[in-house]
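Colleague: This is the structure alone, sequence omitted:
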């Protein structure tokens with residue numbers, strides 16, 4: 001319930017962000033730069049969470065940053081899931097050379113840290129929303145391959161699959177009609193947890209200056225901007241870090257709860 005509440009709030013901010021933000025998130029006003037939140041001194045009325053070094057409203061930037069983080073996280077997860085699930089399905093169903101080539105490539109790929117690979121690719125091809133989504137999507141497919149491969153191997157030997165083969169059903173039909181629906185619940189749980197991973201990766205890349213370029217309001221950019229002003233204006237980095245922790249933790253709570261709901265063994269084990 002906690003995860004669902006946090007996730008629903010994050011999705012609400014992502015969808016309604018432009019209408020909920022009290023100020024323009026990129027509008028500068030140097031006359032009110034580095035003003036603290038409402039609980040501090042020298043606050044500015046209407047700027048509840050204070051301002052940054054350029055006088056931009058922190059609350060508005062956090063709200064709009066939710067949209068970019070959720071968009072990147074979901075889009076990258078969909079790309080990674082489509083690539084990894086397809087390869088895992090093919091490797092698990094056909095076996096033989098398909099299994100050897102795909103699984104050995106996945107093993108070699110997993111030897112490289114995802115974030116390091118993403119940093120190298122973004123550094124070569126540049127940042128931007130499109131490039132960031134593609135890079136994170138391509139770097140996260142290996143997780144799905146191993147999970148789908150194991151599931152398909154177990155379902156491939158079931159009697160109803162053998163009956164479908166004996167009745168003359170094609171391979172593509174069997175994979176799409178009989179096997180894929182059986183593994184969708186697991187894919188939903190994995191995909192939910194991967195969204196949190198993608199959001200963390202996007203924040204890390206933006207923090208390093210390889211994500212969405214300033215003045216785009218992202219949590220990683222705000223962390224980078226607040227890093228050099230921790231003693232003067234700690235609320236810039238603290239509030240953006242708090243948003244990352246809340247949203248990522250909420251998604252993880254939701255994913256774990258969803259796993260227990262869809263998997264009776266996990267629920268009974270608990």
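Modeller: That came through fine. No experiment lies behind these values; they were computed from the predicted model shown.
Colleague: Mind naming the longest helix for this protein?
Modeller: Taking DSSP state H as the criterion, the chain has its longest helix at helix 58-94.
Colleague: elements contacting that helix?
Modeller: Helices and strands touching helix 58-94, by 3 or more Cβ pairs under 8 Å, 6 or more residues apart in numbering; DSSP states H and E, are helix 2-20, helix 96-110, helix 129-139, helix 142-156, helix 171-174, helix 180-207, helix 219-227, helix 234-262. Any C-beta I mention is one placed from the backbone N, CA and C, and that applies to glycine too.
Colleague: gap between that helix and the chain center?
Modeller: Using Cα atoms, centre = their mean, to the nearest Å, the mean C-alpha position of helix 58-94 is found 5 Å from that of the whole chain.
Colleague: Stretch 251-261 now?
Modeller: 15 Å.
Colleague: And it, what's buried?
Modeller: Buried residues in stretch 251-261, defined by neighbour count with 16 or more other Cβ atoms under 10 Å: 251-259.
Colleague: Give me the mean pLDDT for it.
Modeller: Here stretch 251-261 scores 87 as its mean pLDDT.
Colleague: Flag the shaky bits of this protein, pLDDT-wise.
Modeller: Along the chain, the model assigns pLDDT under 70 to residues 263-270.
Colleague: cutoff 80 now
Modeller: The chain contains residues with pLDDT under 80 at 40, 112-115, 123-127, 261-270.
Colleague: tally of neighbours for residue 223?
Modeller: Residue 223 is flanked by 21 other residues according to other Cβ atoms under 10 Å.
Colleague: Residue 83 contacts residue 143, correct?
Modeller: No: Residue 83 sits out of contact with residue 143 when judged by Cβ atoms under 8 Å, with a separation of 10.7 Å.
Colleague: Could you check how far residue 8 is from residue 40?
Modeller: Using Cβ to Cβ, to the nearest Å, residue 8 is found at 30 Å from residue 40.
Colleague: Nearest spatial neighbour of residue 58, chain-adjacent residues omitted?
Modeller: Nearest residue to residue 58, sequence neighbours excluded (Cβ to Cβ, 6 or more residues apart in numbering): residue 49, at 4.2 Å.
Colleague: for that neighbour, what are its contacts?
Modeller: Going by Cβ atoms under 8 Å, 6 or more residues apart in numbering, residue 49 touches 37-38, 57-59, 62, 235, 239.
Colleague: Tell me which two of those residues sit farthest apart.
Modeller: 38 and 62 (14.3 Å; Cβ to Cβ).
Colleague: Who has more neighbours out of the two?
Modeller: More neighbours surround residue 62 than the other of residue 38 and residue 62, with 22 against 13 (other Cβ under 10 Å).
Colleague: My guess is that one contacts residue 241. True?
Modeller: No: in this structure, residue 62 is not within contact of residue 241 by Cβ under 8 Å, at 10.8 Å.
Colleague: Common neighbours of those two, please.
Modeller: Contact criterion Cβ under 8 Å, 6+ apart; residues shared by residue 62 and residue 241: residue 219.
Colleague: follow-up on the earlier one: check the buried residues of stretch 251-261 against residue 165 and report the nearest one.
Modeller: residue 259 (31.0 Å).
Colleague: I'd like to know how far the closest one sits from residue 190.
Modeller: Taken as Cβ to Cβ, the span from residue 259 to residue 190 is 9 Å.
Colleague: And residue 218, by the same measure?
Modeller: 25 Å.
Colleague: ok, back up a step: can you classify the residue nearest to residue 58 by secondary structure?
Modeller: coil (DSSP: H, G, I helix; E, B strand; the rest coil).
Colleague: Phi first, then psi, for it.
Modeller: Phi and psi for residue 49, reported as degrees, to the nearest 10, are phi -110, psi 20.
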